[in-house]
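the following block contains a protein sequence and its predicted model.
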Amino acid sequence: NLQNPILVYLMRGEAPAAIRGMYNGLAACLYPEVHAFTEEYRAWKHASGPFYKSPDEARFVNRVRDALVLESGEDLLLAVGAPRRWLASKQGIQVDRINSLFGPVAYTLKAGDEPRTLLAKVQPPTVRPPKHLWLYTRLPEKAAKLSVQINGQEWTKVDPAGERIDLPLDRGPLEIIVRY
């Protein structure tokens, strides 16, 4: 748990490595019988301590937050570390008014009712607009985006290699449909 490169992976655009790091930390350091993370582990399957500290739990919560909302300089990255399978589910992801350097932000991402669609709703921050508001859409099976619509209009500011959409900052709440 002390060697925790998840944030580095996210900043380098290596979401699969970040996700693996989060799951590894959860599997290795969470002891459910004491409801705590341990600083180190000495034995599998039961709590072995010796140290249970709230900073280790806070670090994990912060890394999950970073995977969902991450500030990078003047840019705000949404869902940068979200697992693909989360976007394939009808439940998807829901982030409600999480604080960022740019103000509170909220969004949902989930599989659409139509096959091979992804639906998103984004409430951009209003305190201070970021230079770019990126929505990462790591589609199931690494599928390519065929089209993106924002509030019913075709949208072309898409970075296919980065699997992300550069969202407009001047349109209030955004409803996004991605077809793949």
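That came through fine.

looks to me like Ala18 is in a helix.
Yes: according to DSSP: H, G, I helix; E, B strand; the rest coil, the state of Ala18 is that of a helix.

quick one: mean pLDDT for the helix or strand containing Ile177?
Following DSSP states H and E, one finds Ile177 within strand 174-179. Strand 174-179 carries an average pLDDT of 98.

hmm, who's touching that strand?
Here strand 174-179 makes contact (C-beta atoms under 8 Å, 6 or more residues apart in numbering) with 112, 116-124, 135, 137, 139, 145-152, 155, 165, 167-168. C-betas here are computed from N, CA, C, even on glycine.

tell me which entries of those residues lie within strands.
Of the positions in those, 117-123, 135, 147-150, 165, 167 sit in strands, assigned by DSSP state E.

those: which two are farthest apart?
Gln123 and Ser147 (22.8 Å; C-beta to C-beta).

contact partners for the residue nearest to Ala143 when sequence neighbours are not counted?
Leaving aside its sequence neighbours, Ala143 sits nearest to Tyr180 (C-beta to C-beta, 6 or more residues apart in numbering; 4.1 Å). Neighbouring residues of Tyr180 by C-beta under 8 Å, 6+ apart: 116-118, 139, 143-146.

ok, back up a step: looking at Gln123 and Ser147, which one has more neighbours?
Gln123 (16 against 13; other C-beta atoms under 10 Å).

tally of neighbours for the spatially closest residue to the more buried one that is not a sequence neighbour?
Counting by C-beta to C-beta, 6+ apart, Gln123 lies nearest to Ala106, which is 4.2 Å off, once chain neighbours are set aside. By the criterion of other C-beta under 10 Å, Ala106 has 17 neighbours.

and the contacts of Tyr180, which is closest to Asn24?
Nearest to Asn24 among these, with distances taken as C-beta to C-beta, is Leu139, at 24.3 Å.

can you give me phi and psi for Glu141?
Backbone torsions for Glu141, taken as degrees, to the nearest 10, come to phi 60, psi 20.

try Ala82
According to degrees, to the nearest 10, Ala82 has phi -70, psi 130.

Thr108 too?
Per-residue torsions, Thr108: phi -130, psi 150 (degrees, to the nearest 10).

mind telling me what element Ser101 is part of?
Slight slip there: residue 101 is Leu, not Ser. Short version, using DSSP H and E: Leu101 is in no helix or strand.
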